[in-house]
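Participant: build the 3D model from these lines:
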Amino acid sequence: MSIPLTLPPYYHRFYCLQGFPGLAVYSGTKFFVEGFSQALRHEMLEYHVKVTCIQPGDVKTELMGLSTDQAAMEKYVVGADVDILSPDDIAKAVVYVASQPKAVAINEMLIEPRAAFI
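Facilitator: Prediction:
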């Protein structure tokens, strides 16, 4: 049985715009993309162009092993015993967003591995 979890609106904003010690550049780029997406959403409104900011959590890609900051890797990289998202999970989210009717705008989508909340 699934129990729906309703979080206050500010929770999502806080979580997505959280800076991570040791990952200042990474955190900064996330802030930039969020602000850029918000501005672009307004600018493209008259052209009927939708802008969605898809924010994935840990995804199993080749980028996971490229960090040179060992302390950050130890602190933030999920262990092999935890299921994380696959690129296909994110692709399905993109298809979902792109397949919405003209009147529906999905401005933001936060996708996390289920284990992130356990």
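
Participant: hey, let's count contacts and neighbours off CA atoms from now on
Facilitator: Will do.

Participant: quick one: the strands in this structure, in order.
Facilitator: 53-56, 108-111 (DSSP state E).

Participant: dump those strands to TSV, plus mean pLDDT and mean neighbour count.
Facilitator: TSV is the format used below for those (pLDDT from 0 to 100; neighbours: other Cα atoms under 10 Å):
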stretch	mean pLDDT	mean neighbour count
strand 53-56	90	17
strand 108-111	91	15
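
Participant: tell me which of those sits nearest to residue 62.
Facilitator: Set against residue 62 and scored by Cα to Cα, those come closest in strand 53-56, at 15.0 Å.

Participant: mind listing what that closest one pairs with, with the direction of each?
Facilitator: Each strand paired with strand 53-56, and its direction, by DSSP bridges: strand 108-111 (parallel).

Participant: need the strands of the chain in JSON lines (columns: distance to residue 27).
Facilitator: Below are the strands of the chain laid out as JSON lines (distance: least, Cα to Cα, whole Å):
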{"stretch": "strand 53-56", "distance to residue 27": "12"}
{"stretch": "strand 108-111", "distance to residue 27": "15"}
